[in-house]
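Asker: Below: sequence and its predicted model.
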Amino acid sequence: MRHLPLLGLMVLSGCGNAVLIPMTDADADASPAFADLGGPDETCDPARDLAVQIVTESAILLRDLPDAGFHAGTLLPSFDIRAFDLQPDDREDVIAAVHALAGQRLSEFGLRVVGEEAPEGSEIAEAPEIIARVVITDLPGAPEHCGCQGSTSALGLPSDGPAEAVVFSNAYVDNGLAGVLMRYSRKERIEKLAAALSNSILHEVGHTLGLVHVDVPGQPTLLMARGGSSATKVSLAAMTTLQAYSQEARPVTTDALGVRETQCDVCVIEDTLAARRECLR
């Protein structure tokens, strides 16, 4: 397992989240960035499944999202697909495709994707631990307010419940995806919209697992690329391609300070999840 040292800088990332930038040392095998989370939780079952929950119905925020101007207890409306020239009957197909695409990437790390309801037929004792909750919503004004397609409450997994993130699907209307989709068939629109939403979901989940933005000029298909998962400053077409986390160390950036270190996305995710599976909080 590859590790990142614990030393870091507190900076601003994304829409203004305070985050820890790992400081790398190629010759050191130092403690990973999650090492300060404390000892094992004796009430935790190391054999349990870990899951990411995707919420598409109206939802109450569990945590503050200060960069988007929301507070815990805010009611977010349900995800609406009509702005993409799709009909209400197409909504379930979009959601199913989002689950499949996001699940494809997350399964690489042994994570499940679940919806609003617990898995059918599961016992409470067998239910997975939801480590991150992502709400897809349409909230007029939110993308303009925070200047992004998504928002994450904090970097890293909290010990008192799931991390929380929000994906603003109406931001894709503002950045032109809705207009691009009009040239495609219904089936293609569903596939491309689902890919765009999945990329944003996976980008925000990346932040909850300890990732910050990386600088990859000419490579907009990395999930943590500066500018967001769909790298809209580079190419609208990138939004309709399922993207990936970097498996190599890439230069780290922050929009605010321009601090440059390096980050291997997959390495950080593996270490973060290993700590959670070992019941380290």
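Answerer: Here it is on my side, so go on.

Asker: For the rest of this, base every contact and every neighbour count on C-alpha atoms.
Answerer: Fine.

Asker: now the strands for this protein?
Answerer: Ranges of strands within the chain are 8-13, 17-22, 50-55, 59-60, 75-76, 111-114, 129-137, 150-152, 163-168, 249-251, 262-264, based on DSSP state E.

Asker: So which other helices or strands are in contact with the fifth one?
Answerer: Translated: strand 75-76. For strand 75-76, the packing partners by 3 or more C-alpha pairs under 8 Å, 6 or more residues apart in numbering; DSSP states H and E come out as strand 59-60.

Asker: Single out the most deeply packed of the strands of the chain.
Answerer: Highest mean neighbour count of the strands of the chain: strand 150-152, a mean of 29 (counted as mean count of other C-alpha atoms under 10 Å).

Asker: which strands and helices sit next to it?
Answerer: Looks like strand 150-152 contacts strand 163-168, helix 186-208 (3+ C-alpha pairs under 8 Å, 6+ apart).

Asker: Let's see the pLDDT reported for the closest residue to Thr152 other than its chain neighbours.
Answerer: Among residues not flanking Thr152 along the chain, Ala165 sits closest, at 4.3 Å (C-alpha to C-alpha, 6 or more residues apart in numbering). pLDDT, Ala165: 94.

Asker: Equivalent analysis for the one 3 residues further on, please.
Answerer: Reading off the confidence values, Phe168 has pLDDT 91.

Asker: right, and it touches Pro140 too?
Answerer: No. With contact defined as C-alpha atoms under 8 Å, Phe168 does not reach Pro140; the gap is 9.0 Å.

Asker: mean confidence for stretch 240-256?
Answerer: Rounded mean pLDDT across stretch 240-256 is 83.

Asker: Show me which positions of that stretch end up buried.
Answerer: 240-246, 250, 252-254 (16 or more other C-alpha atoms under 10 Å).

Asker: Could you do stretch 105-118 as well?
Answerer: Those buried within stretch 105-118 under the rule 16+ other C-alpha under 10 Å are 105-106, 111-115.

Asker: circling back: what's the closest of the strands of the chain to His207?
Answerer: Each of the strands of the chain has some distance to His207 by C-alpha to C-alpha; the shortest is strand 150-152, at 6.9 Å.

Asker: Paired strands for the closest one, with orientation please.
Answerer: Note on strand 150-152: by DSSP bridges, its sheet partners are strand 163-168 (antiparallel).

Asker: next one: the partner strand to chain centre, how far?
Answerer: 7 Å (C-alpha atoms, centre = their mean, to the nearest Å).
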